[in-house]
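# Sequence and predicted structure, then a few things I'm wondering about:
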Amino acid sequence: MNTVKLSASVLAIIAASATVATARDQVQVAGSSTVLPYATIVAEAFGENTDFPTPVVESGGSSAGLKKFCEGVGENTIDIANASRAIKSSEIEACAAAGVTDIIEVRIGYDGIVFASDINGETFAFTPADWYKAVAAEIVVDGEVVANPNTTWDQVNPALPKQEIMAFVPGTKHGTREVFEEKVILAGCEEAGAMEALIAAKGDEDKAEEACMALRTDGRAVDIDGDYTETLSRIDSNKAGIGVFGLSFYENNTDKLKVATMSDVVPSTETIASGDYPVSRPLYFYIKKAHIGVVPGVKEFAEFFVSDDLAGPDGPLAAYGLVSDPELAAVQATVADETVMAK
């Protein structure tokens with residue numbers, strides 16, 4: 001992206017910025033691979049349209065990014081963590097233990113989790129129950145908890161194609177994995193009526209939920225530790241594979257991928273914005289307030305990111321696939337006022 005049309009309000013943010021003497025003059029960002037393309041678009045535009053250096057944006061997953069964020073305060077630690085899920089209380093505690101006590105949570109918009117396969121492959125219409133029965137380590141058959149015996153999708157649901165089960169899912173360091181487990185696998189476990197039998201078998205509801213979300217390890221559910229490009233490469237190598245992606249990645253690869261419906265709803269920015277598509281989630285970044293005014297450009301980058309010009313419904317992030325936050329003005333106020341999370 002070479003040019004971004006900027007409004008007077010964003011130009012005012014840029015003009016008001018001050019240079020601070022410091023050992024590091026580049027904003028450093030790490031975290032979610034889902035947020036990565038949005039942050040990269042913003043970082044490039046920020047570098048091109050301001051006097052600040054282009055921020056360094058790295059991936060690695062939400063958990064990995066937040067772990068780096070919580071390493072402490074100072075020029076050798078990152079300024080901002082991207083996340084495709086909300087920060088956990090355990091991560092907030094880890095941050096506090098390392099001296100990161102004032103954290104600003106910034107919601108940038110919404111994205112969907114989609115299920116896509118090779119463009120020339122079969123057409124799939126999934127439910128969460130289908131995915132639970134396909135990739136859970138244990139499922140309930142005739143009231144008994146058994147190791148998952150299913151090897152083809154038609155064994156899961158006769159309405160699905162007779163195709164080998166080969167699922168490429170985000171690894172455990174990715175925020176997408178946690179949303180996938182909770183909104184698809186756990187929801188599917190409940191939808192399939194398996195929870196009661198699992199509670200009886202495991203002894204309590206917490207252990208039953210863990211069992212619901214535990215994925216099989218026989219090679220039919222493969223963890224992908226890299227980003228979505230690795231998942232796409234796996235599908236290219238194995239045409240029977242079905243991958244878990246962010247909506248925006250799919251929408252930028254429609255020449256290679258065919259998307260499935262979930263609960264009879266086609267994933268799109270419209271169905272996510274309306275709430276009709278069942279597997280959507282907010283996307284975030286977290287700012288280390290102690291670095292504002294110390295590392296040049298931290299606040300200015302955050303304000304630039306959530307400006308109407310960038311994160312609004314007509315901006316480049318929406319063009320890439322982000323569902324604009326209907327409460328964007330409140331998010332902008334949070335950044336402008338440097339409002340930290342409650343402790």
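The structure has been received and is ready for your questions.
# Skipping its backbone neighbours, what lies nearest Gly72 in space?
Spatially, and ignoring its direct neighbours in sequence, Gly72 is nearest to Ala98 (4.4 Å; Cβ to Cβ, 6 or more residues apart in numbering). C-beta coordinates here come from the backbone N, C-alpha and C atoms, glycine included.
# in the stretch 1-150 of the chain, which segments are predicted with low confidence?
The stretch 1-150 of the chain contains residues with pLDDT under 70 at 1-6, 8-23.
# what about the helices in it?
Assigned by DSSP state H, counting those that start in this stretch, the helices in the stretch 1-150 of the chain fall at 8-15, 36-49, 62-69, 89-97, 128-135.
# and Lys256, which of those helices is closest to it?
Nearest to Lys256 among these is helix 36-49 (16.2 Å), distances taken as Cβ to Cβ.
# chain center to that closest one: distance?
Counting by Cα atoms, centre = their mean, to the nearest Å, helix 36-49 is centred 18 Å from the centre of its parent chain.
# Stretch 197-211 now?
28 Å.
# Now it - C-alpha only, PDB.
Extracted in PDB, the C-alpha atoms of stretch 197-211 (Å, rounded to 0.1, in the frame of the first residue of the first chain):
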ATOM      1  CA  ALA A 197     -21.900 -38.600  29.000                       C
ATOM      2  CA  LEU A 198     -18.500 -36.900  29.300                       C
ATOM      3  CA  ILE A 199     -19.400 -35.400  32.700                       C
ATOM      4  CA  ALA A 200     -20.400 -38.900  33.900                       C
ATOM      5  CA  ALA A 201     -17.200 -40.400  32.500                       C
ATOM      6  CA  LYS A 202     -14.800 -37.600  33.700                       C
ATOM      7  CA  GLY A 203     -16.400 -36.800  37.000                       C
ATOM      8  CA  ASP A 204     -17.100 -33.000  36.700                       C
ATOM      9  CA  GLU A 205     -18.000 -30.400  34.100                       C
ATOM     10  CA  ASP A 206     -14.500 -28.800  33.900                       C
ATOM     11  CA  LYS A 207     -12.900 -32.100  33.100                       C
ATOM     12  CA  ALA A 208     -15.700 -32.900  30.600                       C
ATOM     13  CA  GLU A 209     -15.100 -29.600  28.800                       C
ATOM     14  CA  GLU A 210     -11.400 -30.300  28.600                       C
ATOM     15  CA  ALA A 211     -12.200 -33.700  27.200                       C
END
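# In it, which residues are buried?
197-199, 202, 208-209, 211 (16 or more other Cβ atoms under 10 Å).
# Can you flag which of those residues belong to helices?
Mapping these onto helices (DSSP state H) picks out 197-199, 202, 208-209, 211.
# of the helices of the stretch 1-150 of the chain, which approaches Val179 most closely?
Here helix 62-69 is closest among the helices of the stretch 1-150 of the chain (Cβ to Cβ), at 9.8 Å.
# Not counting sequence-adjacent ones, nearest residue to the residue nearest the centre of the chain?
For the chain, the residue sitting closest to the mean C-alpha position, by Cα atoms, centre = their mean, is Ser84 at 3.0 Å. Leaving aside its chain neighbours, Ser84 sits nearest to Gly175 (3.5 Å; criterion: Cβ to Cβ, 6+ apart).
# Check Gly321 too.
Distances taken as Cβ to Cβ, 6+ apart place Ser248 nearest to Gly321, at 2.7 Å, with adjacent residues excluded.
# ok, the one you found touching Pro37?
Yes - with contact defined as Cβ atoms under 8 Å, Ser248 and Pro37 form a contacting pair (6.6 Å).
# anything in contact with each of those two?
Tyr320 (Cβ atoms under 8 Å, 6 or more residues apart in numbering).
# more crowded one of those two?
Ser248 (25 against 21; other Cβ atoms under 10 Å).
# can you pull the contacts of the most far-flung residue of the chain relative to its centre?
In the chain, Asp142 marks the outermost C-alpha relative to the chain mean, sitting 35.8 Å out by Cα atoms, centre = their mean. Residues near Asp142 by Cβ under 8 Å, 6+ apart: none.
# Helices along the stretch 151-300 of the chain, start to end?
With DSSP H, counting those that start in this stretch as the criterion, the stretch 151-300 of the chain has helices at 153-156, 175-180, 187-191, 195-202, 205-213, 228-237, 247-251, 269-274, 298-305.
# Nearest to Ala43, out of the ones you listed?
Closest of the helices of the stretch 151-300 of the chain to Ala43 is helix 298-305, at 7.5 Å (criterion: Cβ to Cβ).
# could you say what helices and strands that closest one packs with?
Contact here means 3 or more Cβ pairs under 8 Å, 6 or more residues apart in numbering; DSSP states H and E; on that basis helix 298-305 packs against helix 8-15, helix 36-49, strand 80-83, strand 103-118, strand 280-288, helix 328-336.
# Cool, thanks, signing off.
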